Structures are given as C-alpha cells and as structure tokens.
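In: need a structure here:
(chains A and B)
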Amino acid sequence: MLFNKHRFALLVAAATVAAPLAAQAQRKSPLADAPAIRKRFELRSSRIELGAGAGSTINQDYFHTVMINARLAYHVTDWVSIGLFGNFGVAQVSTGFQGRVVDSLDPEGMRMTNVDREPDQTGAKNAMQQIGSILGAQLEWTPFTGKYSMFGKLFSAYDFYLVLPGIAAVNVKTAGSVARSCDSTAPTDEANPDRYVCAVKGTKMGGKVGVGFHSFFGQTVALGVELSDVIAQLNPSGRDVNGDGMADKNDLSWTNTLLVTANLTVYFPGAKISP
Amino acid sequence: MKRLAISLSVCLALLAASATGHAKRGGGKAAAPAADENAGGEGGDKAGGDKAAGGEAAPASESLDTTGEAAPTTIEEEIGGPKPQRPTTTLTWQDIVVVPRKQFLKSGRLEIAPIAGITVNDNLIRHYMFAADLNYFLTDALWVGLQGQYFVKQLSTQAELVGLQFNRISTMNRYLYGGQFNMGYVPVYGKFAWFNRSIIHWEIWALGGIGVTLTENISRDPADQDSKAFKNTAMTPSFAIGSRFFLTQWLTVNFALRDYLIIDKYEPLPDPNTGPCTDATDCKNKAPGVVVNNFVAYVGVGMYLPTKFSYKTPR
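Out: Reported below is the predicted structural model:
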C-alpha cells in the first residue's frame, strides 16, 4: 500500500513537471510565421496600373532616342504582375562619340582616302541606326515593398520590381538615305562603297530585362521609374561588324539597348487592406 | 508515511518550481503577483517574435508593469462575481511599437568597405575598379572618408569596330590608381518588406569628393607606347548617390553610382606645322586638357567598428 502511494506520488510529480513542459513545447508565438506587416494597404494586388511618361535610351553609340511611353499592367498578386509597354521615339540626339567619329572623317565630296571602307561624313551618318519605337510585354516581380522618409519629413510607400523576362519588338530605321537594305546581297566589287554599308530597318524581336520602382503618392497615384535592357539583333553603325569585308544581314549582332523611363501611373480599383 | 511525506514534498516543490518558471517566461517583472494571472506565459515568446515590429525584442527588464491591469478584474469580481479571465498579454504589446527604432546606428563608428565596380559610360574602354572606403560617421547622417582605387582596363568591342568601320584609331587613356576625400550625407531612410515576411532597413546617401587619378595614354601607335605615352595625375572631383542595406549590427551591403570628373590629358594629334610630338614630355606639354565624366557603378560590403552599438534614448 505504501509502495502504491509512493508510485502515485511520483506519477503526480512527473505529471506536474511534464505538463508545463508540454504546454511550453506547444506554445508558439502568435507572431511566428505571421506577415511582417499587418493591416497594410494592398497597393498592388488585383489592381490595374495605367501610366504615361517619357524616357530615353542611354549608353548608345551614335544616337540617343528620346521617347514618350505608355504602360498598362495587371497585378495578379502583390508581387507578380503582367505588363504591356510602348515607347515611341520623338527625338534623336547625337552622342558625343558619334560627333567625334563623324568629325574625324572627310566631308562629303572631299574624300582624301583610298581606303574603300572609309566613309565620308554624310555616308557614315546616314547609315547610323535610330530607334523608332519599342513595344512589348513583360512579367514583373515585386519582392521589395516598403516605406521611406526623406529628410524625416516626407513619407512614401514604394516598391522595387524586376522585369524578368520581357519580350520586345524594336523598330529601327537609318538616320538618312542608304542605297541598299541589309537584307540584300552586298556588291562583289570591293571598290564599290555600297559594299560596306547597308540600311538596318524594320522590326527586330528581342528580350528585355530590367529593374524599376514605384513611389506612391497616396494609394492611387505613383511615380514609376524603370531601367531596362532590350536585347535584340541590331547593327548601330550599319557597317561591317563580323570582319568579312562587307555589310549585310550577317552583321546583325545581339546588342544591348539601355532605356530609362519615368511615368506617372494610376492604380485602380481602390486598395484593399491586408488581414 | 515518511516516504509519502517526502514524495509529496517533492511534488509540491516541483509544482512550485515549474509554476515559477512558467511565470518568469513573461518577463522580469512578470513574477509579480498581479502579473502572474494575466501574463499567460506567452510574453516571452511574443517578445521574441517581434521582428515584424521593429527588429529587437525588449529586454526582460523593460517589460510592462501589469499591476494596473489587474485592478478592473478585481472590481468586476466584486460586483458580478468571478468571470472568465480575458487572455490579455499586455507584456507583448509593449514590444510592438508604432514607430520602431532605427535598426542600425552609425554615429561615432568607422566603416571599412571593400568595393568592386565597373565604368558604365565609355563606349571604347571599360575599367573595373577595385577600391576600399574608410568612413567615419560624425553623426548618423553625416560622414567623412577616404577612398583608394585600383583600375583594370578592358577595351570594348566598339574600340575595335571603329577601325574596321571607319578606318580610325581611338584616342584613349587608361586609369591606374586614384584616391578621394569624401563627405557624405544620408537624406533618405527607409525599410522594405521582403515578400511581406521580413523587414530590411536601408538608406540612400549622397556624396561629394575631391581627389586625384593617375592616368596613362594608350598610344594610337602601339610602337610609341614606351617612348611617347605619359602619365598624368589628374584632379578628380566626384559626386555619388548610393544606398546601404543593413544586414546585421556591423554589416551592410552598399550600392552606388559615382561620377568621377577626371580633368585629364589625351595623346595630342599631330600638329600640321610641327608634326607629331617627340617624346613623353613633349606629348604631355602639347596635350589638351579635357574633362571626362567617368561614371562607375559599384557594390561594396560595409563592416563597422565597433561591431556593436547601444541606443542612447529610451524606447
């Protein structure tokens, strides 16, 4: 009897110790696995974004293209969206590099060289490629969202997104008149200047990657800035690239066209509030 | 009987010990009698899960004194008899603050930041920059620093195509070393949620600097490289905008775009009257000065000394 009482007491002791431990093991912080931010405005999820603005190519060899642009996107979730974009060239600005190259050449009608591939100033400039428009669609990922303060006074919500991937149709033209298209066969006569130059025209399909951010004014309007790289088969000079001594379609090469665009976008319908 | 009494004593001791331990999980002051009933034992867990609110859990000594919370319950019990206790855990809410403190303080600390970068705006020649920043923060938003740079050149495809397409040879300089004295300021501070799962703090800074860059001609005629190429110590003001992402109490990842305005000298063109320059000194004397915008995009890792900091103001 005494033995049973003793065992009972030990059982009680074990249970007394085990119960809090078990409860402690089961206890889990209510904040564990919780969203980092509660009750926040869902500025993107299930919303349509419509924007318009302007931009420019950067890092081009011969011509920068100043563009106006439009953008339409549907945000499937808070961090995934599908977008359509259109950039339309409104002005072509000569680069400093183009100026130095062209200025170093002989003026038109005053050729002083016997090197057949060396153009005069007008011939060189006419064949240089300009971008007319860039249209396309893109998938956007928005992993970063947050708020920032400027000088501790101005507060704004923002997000960073990646364009990965996008497809783009780049419409190109030449700066001036060129005798033949790059789709035609180059003259066989090595003394013929037209052998060394051709016009790159039409629409070239390519890919697009980029990064961008939105800085919100309230919950409906945002400023969007995007840096993107459109990669397509182009020939900025319209001249021989592969070293075969003639200019033709084989001289098209994968070329990076960097774009910076800024636009004012409007989101609708109204933003929901997260749980 | 004696054994039973000992066993029961052990039971009671264990019970008391476990109950005390349970209550202590609520925080240092939670062991107070009034807190025992309301603490619920979860205060410690929730405080630990305070990443969402501000990144740091409050130390136990900062836990809320819940004595005041117990009084209404006592009154209700007196008027309407005992009622089920609300599962209030006020110890947790103190740790969830409306405006969390900055996650990272820099004032009075030294930043050592190795850097790797690349020039982005030159069509003909690309430079890879390996550098180190040494910054001392006078305040949390203002710093002074030094930067040392080492450059490695790479000619671009365009540099070769100029000869093929236009029958021209480019005039280029390479950069060797550089040094800068910097002053920086942080106008923008922010944070972002990573897929709404964690909070990362960051800032945007702007910087101005002055220094020198050692440059060297790449002769248009490779045969002249040893005899006519000259080096130039070029005055180099610079401006930058960048950002820091705070990872730990002593570690940041830094990104920047910096414009080094190098007041440089290029190999002169042959003079129509006197012909080409004769040696390095003559070439340097005849070389025209030009201002070159050398944009460098770089990434760095900032390591801070001392490695820890403490907040000076109450939470």
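In: and the residue of the stretch 151-275 of chain A that's closest to chain B?
Out: Residue nearest to chain B within the stretch 151-275 of chain A: residue A:239 (4.0 Å; C-beta to the nearest C-beta). All C-beta atoms are positioned from the backbone trio N, CA, C, and that covers glycine.
In: thought that residue was touching residue A:247?
Out: Yes - contact criterion C-beta atoms under 8 Å: residue A:239 and residue A:247 qualify, at 5.2 Å.
In: out of these two, which sits in the more crowded spot?
Out: More crowded of residue A:239 and residue A:247, by other C-beta atoms under 10 Å in any protein chain shown: residue A:247, with 28 against 23.
In: domains in chain B, by residue range?
Out: B:2-93, B:110-305 (automatic domain parsing).
In: mean pLDDT lowest for which of the ones you listed?
Out: Here the domains of chain B differ in mean pLDDT, and the lowest is domain B:2-93 at a mean of 43.
In: bridge partners for the residue of the stretch 151-275 of chain A closest to chain B, pull those for me.
Out: For residue A:239, the beta-bridge partners under DSSP bridges are residue A:197.
In: ok, it to residue A:201 distance?
Out: Residue A:239 is 15 Å from residue A:201, where distance means C-beta to C-beta, to the nearest Å.
In: show me where chain A has strands.
Out: Using DSSP state E, the strands of chain A run over residues A:41-42, A:47-58, A:63-75, A:80-94, A:129-150, A:154-174, A:202-217, A:221-234, A:253-268, A:272-273.
In: turn the ones you listed into a markdown table, including mean pLDDT.
Out: Below are the strands of chain A laid out as a markdown table (pLDDT from 0 to 100):
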| stretch | mean pLDDT |
| --- | --- |
| strand A:41-42 | 74 |
| strand A:47-58 | 94 |
| strand A:63-75 | 95 |
| strand A:80-94 | 95 |
| strand A:129-150 | 90 |
| strand A:154-174 | 91 |
| strand A:202-217 | 94 |
| strand A:221-234 | 95 |
| strand A:253-268 | 94 |
| strand A:272-273 | 76 |
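In: residue in the stretch 201-315 of chain B with the shortest distance to chain A?
Out: Taking C-beta to the nearest C-beta, chain A has its nearest neighbour within the stretch 201-315 of chain B at residue B:204, 7.7 Å off.
In: distance of that residue from residue B:185?
Out: Counting by C-beta to C-beta, the gap from residue B:204 to residue B:185 is 10 Å.
In: identify the residues contacting residue 265.
Out: Chain wasn't specified; assuming chain A. Neighbour list for residue A:265: A:49, A:50, A:51, A:71, A:214, A:221, A:222, A:223, A:224 [criterion: C-beta atoms under 8 Å, 6 or more residues apart in numbering or on different chains].
In: wrong one, I was asking about chain B
Out: Shown in contact with residue B:265 (C-beta under 8 Å, 6+ apart): B:173, B:215, B:230, B:232, B:234, B:284, B:287, B:288, B:289, B:290.
In: now it. Nearest residue, chain neighbours left out?
Out: Counting by C-beta to C-beta, 6 or more residues apart in numbering or on different chains, residue B:265 lies nearest to residue B:287, which is 3.9 Å off, once chain neighbours are set aside.
In: my read: that neighbour touches residue B:269, true?
Out: No - if you go by C-beta under 8 Å, residue B:287 and residue B:269 don't touch, sitting 9.9 Å apart.
In: when those two are compared, which one has more neighbours?
Out: Shown here are residue B:287 and residue B:269; by other C-beta under 10 Å, residue B:287 has more neighbours (19 against 14).
In: and residue A:266, bridged to which residues?
Out: Using DSSP bridges, the bridge partners assigned to residue A:266 are residue A:50, residue A:221.
In: tally of neighbours for it?
Out: 13.
In: pretty sure it sits against residue A:47.
Out: No - with contact defined as C-beta under 8 Å, residue A:266 does not reach residue A:47; the gap is 9.9 Å.
In: show me where the stretch 51-200 of chain B has its helices.
Out: Taking DSSP state H, counting those that start in this stretch to define them, one finds helices in the stretch 51-200 of chain B at B:67-80, B:90-93, B:157-166.
In: list the contacts for the nearest residue to residue A:101 once chain neighbours are set aside?
Out: Once flanking residues are discounted, residue A:101 sits nearest to residue B:166: 5.7 Å by C-beta to C-beta, 6+ apart. For residue B:166, the residues meeting the contact criterion (C-beta under 8 Å, 6+ apart) are A:101, A:104, A:105, A:118, A:119, A:124, A:239.
In: more neighbours: which of residue B:204 and residue B:185?
Out: When neighbours are counted by other C-beta under 10 Å, residue B:204 and residue B:185 differ, and residue B:204 comes out ahead with 16 against 12.
In: show me what that one bridges to in the sheet.
Out: residue B:188, residue B:243.
In: over to the one 10 residues further on?
Out: In this entry, residue B:214 is beta-bridged to residue B:177, residue B:233, by DSSP bridges.
In: surely residue B:174 touches residue B:155?
Out: No - using C-beta under 8 Å, residue B:174 makes no contact with residue B:155, being 9.5 Å away.
In: those two: which has the busier surroundings?
Out: Between residue B:174 and residue B:155, counted using other C-beta under 10 Å, residue B:174 has the larger neighbour count: 18 against 14.
In: please name the nearest non-neighbouring residue to that one.
Out: In space, and not counting its chain neighbours, residue B:174 is closest to residue B:153: 4.3 Å by C-beta to C-beta, 6+ apart.
In: residues in contact with the one you found?
Out: Contacts for residue B:153 were tallied using C-beta under 8 Å, 6+ apart; they are B:125, B:126, B:127, B:128, B:174, B:175, B:218.
In: quick check on those: which are buried?
Out: Buried members of the contacts of residue B:153, scored by 16 or more other C-beta atoms under 10 Å in any protein chain shown, are B:125, B:126, B:127, B:174, B:175, B:218.
In: what about stretch B:297-305, near chain A?
Out: No - using C-beta under 8 Å from any C-beta of the partner chain, stretch B:297-305 stays clear of chain A, coming no nearer than 10.9 Å.
In: neighbouring contacts of stretch B:192-202?
Out: By C-beta under 8 Å, 6+ apart, the surrounding residues in contact with stretch B:192-202 are A:35-37, A:78-79, A:143-147, A:158-160, A:274, B:51-52, B:55, B:102-104, B:189-191, B:243-247.
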